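1. predicted model follows, preceded by the sequence.
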Amino acid sequence: MKFRATFSSVGVQWLERFVPVFDKLGKELSVLLTPNTLHLVQDAVASGGLELHADLLKDEVFDEYKIASNNADKIAFALEPATLHRVLRGLIGSEATHVEVKLIKRTVAPGKASPFLNFSSKGVVDITQDVPLAGPLTKREVARLETLVQANVKDVPYWLNLDRSATESTAMTVERLKAVATVVELATTRAGALHLVAASAGAGGAVIGAELRNLAVLPAEEERAPRDGSRGDRDLDTDDPFEEDATTGAAERLQRAKSSGAASAVRVDTRQLWKSLAGTNANSSDCLFGVARNKSHVELVYRFDRQAVHGNDAVGLMVRVPVEEEDELEFEDA
């Protein structure tokens, strides 16, 4: 099993952008290396309920890249994100111009060797640093990470596209709602609105909500046929469920969208939703919000097309937020 690579001019900066997000959410980070990609992964256990991963093409991070293993040249290991973050900050602070990374084993006690990720750099000061690892992970554990990575961005019928300003505004809104309620209703509509509604605890608690409107809906070619199945003439349709009446209030617009089938509404843990929005700290270009078709989870996809060197799909951060289960039905005794 071998791994050795030389970072590109922006490779260290990409990792230093993502690792703090994982450090904020958990104490363990899994790294999955394949012949063409680099994945940073946290499962629900490590993050406290979320599933998230940052995906980068290896050409976006490395100029030279050599990997070999008996598992289709795939290697995975776990580490502490805080330790990796300190190393990355040191590399940037030393203005490193050439950074190499490799998988090594060092003797830590007589007869005992442990794996490390070794970073060596040249810059204002030449530095060699080791990051302790758990692993390498087994073939079964590698397959589990691949399953998590491949599970995202599936079975979402449509997405709301929030630019950076809208994403930051949503994060601030959820932070305020976090102090009001433990659970928030999140709804997306095909007219391009994101609704967040929370009710404060206690009898007669106040209902607090926020609405972001005029968001782009993807895919843009979403067919809007009348509910009777005919093609119809959309220009003459005065009661199109995909359109919103600007003269009504947010609550009424949401209710109408629900009743017409033009909304996807779920209940999520407010704190988990707030944690999922930590991706804004990675300086994304935009964020896609989507509710799964079976309403089992909410997907957030942070995109970085304005910074990526190798195209719009070279880099991404995906977060999956679980949906709160409905209260169990209570039956009277016979």
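-> Sure, I can see it.

2. please save the CA atoms from the helix or strand encompassing Arg140 in CSV.
-> Per DSSP states H and E, Arg140 falls inside helix 139-151. Taking C-alpha atoms only, helix 139-151 is exported to CSV below (Å, rounded to 0.1, in the frame of the first residue of the first chain):
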residue,chain,number,x,y,z
LYS,A,139,-11.9,-3.2,2.3
ARG,A,140,-15.3,-3.3,4.0
GLU,A,141,-14.8,0.1,5.6
VAL,A,142,-13.7,1.6,2.3
ALA,A,143,-16.9,0.2,0.7
ARG,A,144,-18.9,1.8,3.4
LEU,A,145,-17.4,5.2,2.8
GLU,A,146,-18.0,4.8,-1.0
THR,A,147,-21.6,4.0,-0.3
LEU,A,148,-22.0,7.2,1.8
VAL,A,149,-20.4,9.3,-0.9
GLN,A,150,-22.5,7.9,-3.7
ALA,A,151,-25.8,8.1,-1.7
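
3. please identify the buried residues of the helix or strand that it is followed by?
-> Under the assignment DSSP H and E, the closest C-terminal helix or strand after helix 139-151 is strand 159-163. Neighbour-count burial for strand 159-163, with 16 or more other Cβ atoms under 10 Å as criterion, is recorded at 159-162. For every residue, glycine as well, the C-beta is placed using N, CA and C.

4. who's in contact with strand 159-163?
-> 170, 188, 192-194, 212, 215-219, 285-290, 301 (Cβ atoms under 8 Å, 6 or more residues apart in numbering).

5. identify those among these that sit within strands.
-> 188, 193-194, 212, 216-218, 286-290, 301 (DSSP state E).

6. quick one on the thing from earlier: the contacts of strand 159-163, buried ones only, as a PyMOL selection?
-> Those of the contacts of strand 159-163 that count as buried under 16+ other Cβ under 10 Å are selected in PyMOL with:
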select buried, resi 170+188+192+193+194+212+215+217+285+286+287+288+289+290+301
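
7. coming back round to it: could the buried residues of strand 159-163 go into CSV alongside distance to Arg4 and pLDDT?
-> Converted to CSV, the buried residues of strand 159-163 look like this (distance: Cβ to Cβ, whole Å; pLDDT from 0 to 100):
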residue, distance to Arg4, pLDDT
Trp159, 38, 95
Leu160, 42, 97
Asn161, 39, 96
Leu162, 39, 96
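
8. please report how far the closest residue to Gly123 other than its chain neighbours lies from Ile127.
-> Once flanking residues are discounted, Gly123 sits nearest to Ala96: 3.8 Å by Cβ to Cβ, 6 or more residues apart in numbering. Per Cβ to Cβ, to the nearest Å, Ala96 is found 7 Å from Ile127.

9. so what sits against both of the two?
-> Common contacts of Ala96 and Ile127, defined by Cβ under 8 Å, 6+ apart, comprise Ser121.

10. which one's more surrounded, those two?
-> It is Ala96, of Ala96 and Ile127, that has more neighbours when counted by other Cβ atoms under 10 Å, with 20 against 17.

11. residues in contact with the more buried one?
-> Contacts of Ala96 (Cβ under 8 Å, 6+ apart): 12, 121-123, 127.

12. top of these by number of neighbours, please.
-> Of all the contacts of Ala96, Ser121 has the most neighbours under the rule other Cβ under 10 Å, reaching 23 neighbours.

13. surely it touches Val101?
-> No - with contact defined as Cβ atoms under 8 Å, Ser121 does not count as touching Val101 (9.4 Å).

14. name the SS class of Val124, please.
-> Three-state call for Val124 (DSSP: H, G, I helix; E, B strand; the rest coil): coil.

15. mind checking how far it is from Leu162?
-> In terms of Cβ to Cβ, Val124 sits 39 Å off from Leu162.

16. surely Asn71 is within a helix?
-> No - under three-state DSSP, Asn71 falls outside any helix and is assigned coil.

17. what backbone torsions are found at it?
-> phi -110, psi 60 (degrees, to the nearest 10).

18. which element is Phe119 on?
-> strand 112-122.

19. parallel or antiparallel, list what pairs with the helix or strand just after that strand.
-> Downstream of strand 112-122, the next assigned helix or strand under DSSP H and E is strand 127-132. In the sheet, strand 127-132 lines up against strand 112-122 (antiparallel) (DSSP bridges).
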